[in-house]
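Colleague: for reference, the sequence and a predicted model appear below.
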Amino acid sequence: MNAALVRYATMAAQSRGRLHAEPESRRRTPFQRDRDRIIHSAAFRRLKHKTQVFIAPQGDHYRTRLTHSLEVAQIARALSRALGLDEDLCEALALAHDIGHPPFGHAGEEALDLAMGALGRFDHNEQTLRTLTMLENRYAAFDGLNLCWETLEGLIKHNGPVADPLPTIAALDRAFDLELGKFAGPEAQIAAIADDIAYNNHDLDDGLRAGVFSTHDLDAVPHVAAVLDAVRLSYPDAAESRLVHEMVRRLIGEMVEDAIGETEARAARAGPASAADIRGLGHPLVAFSQAMREKERALKAFLFTHMYRHDSVVAQTDRGRIVVKELFEIFIADPHCLPAEWRAGAQTTDCVANARVIADYIAGMTDPYALREHQRLTGNIVAAP
């Protein structure tokens, strides 16, 4: 259980419930049950073989979607504890936020969206909702995991209000009124900023480990270079790998402390009395200071240029795009190539529905499985960079 919560925290005892009514647990809060259902889902397990930046088979030490999600959850819990919010809801949101990602990261998402074309959009946020409400079929009484309103609302609106919802989100909103025009509750905002903290700093760590840039290149990011200089001054005889880990640790700590301070200052000015007040503020409660936002932008710009657009990373992502595109084309042309449990849903006269089934199937693939299926169905191996 959480310690004493601030008055604007999301209160588990006041949850708006689930789409399908269930008896409450005697041992766990609704948000603890959601977290546990997410952890036990097949979709969560598959994240261990889905790309974060580097294609998983390239190395065992780089982040995957699973390890990234665990790191986001740790940061989210630390933030929520410091701010007096519900840790369990924060953790559930952090663990589930990337479940809708297809294989090969954002490259796979872009390829699947292009492949769908006029037959519909593909968006990993919508796919997270489809997975959790429709595709994860573990329970006899309902489809999906039947998560709480607060968990679903937080996942859908973690980037802010949704003005033009995609079909699955719009349908759930009609059934469950997710207040799409408002900001999410405070715990969802915590999970979102924890995601930013984790991927910025851990991509920096992975990029240095992979050698796509060096510590000398960090002079282009003054606040990162300053932290590294301070670490070197404190530990002049330490190995370079230890210096990098210490630098990343301190950078994360700075961002966490900044987010706590800025959020507390905003809460003091706004005086919210409930989570509903947070949703109605018209702007985020949880945020970095202006100075930290500028530092974060500088780090993101550096990573975009030196890592995400590095030749070796682009070669890997191009490989993933080819695999996803060709798998979709094979299945749309001949649904008999799908596994039996997916085949019937893709053999209707509704082309849009067929495409959605195929997109659901491909989105659930791990990187290695997608590569194996592509080779099995085409006889070709898409060469690694």
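Modeller: Nice, I can see it.

Colleague: quick check, Asn159 in a helix?
Modeller: No. Assessed with DSSP: H, G, I helix; E, B strand; the rest coil, Asn159 is coil; it does not lie in a helix.

Colleague: what is the burial count for it?
Modeller: When neighbours are counted by other Cβ atoms under 10 Å, Asn159 registers 11. Yep, even glycine has a C-beta here, placed from its N, CA and C like the rest.

Colleague: now it, nearest residue through space, not along the chain?
Modeller: Ala192 (6.7 Å; Cβ to Cβ, 6 or more residues apart in numbering).

Colleague: the one you found reaches Val286, doesn't it?
Modeller: Yes. In this structure, Ala192 is within contact of Val286 by Cβ atoms under 8 Å, at 7.4 Å.

Colleague: which of these two has more neighbours?
Modeller: Neighbours were counted for Ala192 and for Val286 using other Cβ under 10 Å; Val286 has more, 26 against 23.

Colleague: for the more buried one, give me phi and psi.
Modeller: Taking degrees, to the nearest 10, you get phi -90, psi 120 for the backbone angles of Val286.

Colleague: which residues touch it?
Modeller: By Cβ atoms under 8 Å, 6 or more residues apart in numbering, the contact list for Val286 reads 79, 186, 189-190, 192-193, 259, 263.

Colleague: and Ala94, by the same measure?
Modeller: Residues near Ala94 by Cβ under 8 Å, 6+ apart: 69, 72-73, 75-77, 191, 194-195.

Colleague: inside strands: which ones of those residues?
Modeller: With DSSP state E as the criterion, strands contain none of the contacts of Ala94.

Colleague: would TSV of those with neighbour count, distance to Glu373 and pLDDT be doable?
Modeller: As requested, the contacts of Ala94 are arranged in TSV below (neighbours: other Cβ atoms under 10 Å; distance: Cβ to Cβ, whole Å; pLDDT from 0 to 100):
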residue	neighbour count	distance to Glu373	pLDDT
Ser69	26	24	96
Val72	27	29	97
Ala73	25	30	98
Ile75	24	35	98
Ala76	30	34	98
Arg77	19	37	98
Ala191	30	32	98
Ala194	29	34	98
Asp195	23	29	97
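
Colleague: isn't Ile358 right next to Asp334, touching?
Modeller: No. Taking contacts as Cβ under 8 Å, Ile358 lies outside contact range of Asp334: 10.9 Å.

Colleague: which one of those two has more residues nearby?
Modeller: Set Ile358 next to Asp334 and count neighbours by other Cβ under 10 Å: Ile358 wins out with 26 against 11.

Colleague: from Gly345, how far off is that one?
Modeller: 9 Å (Cβ to Cβ, to the nearest Å).
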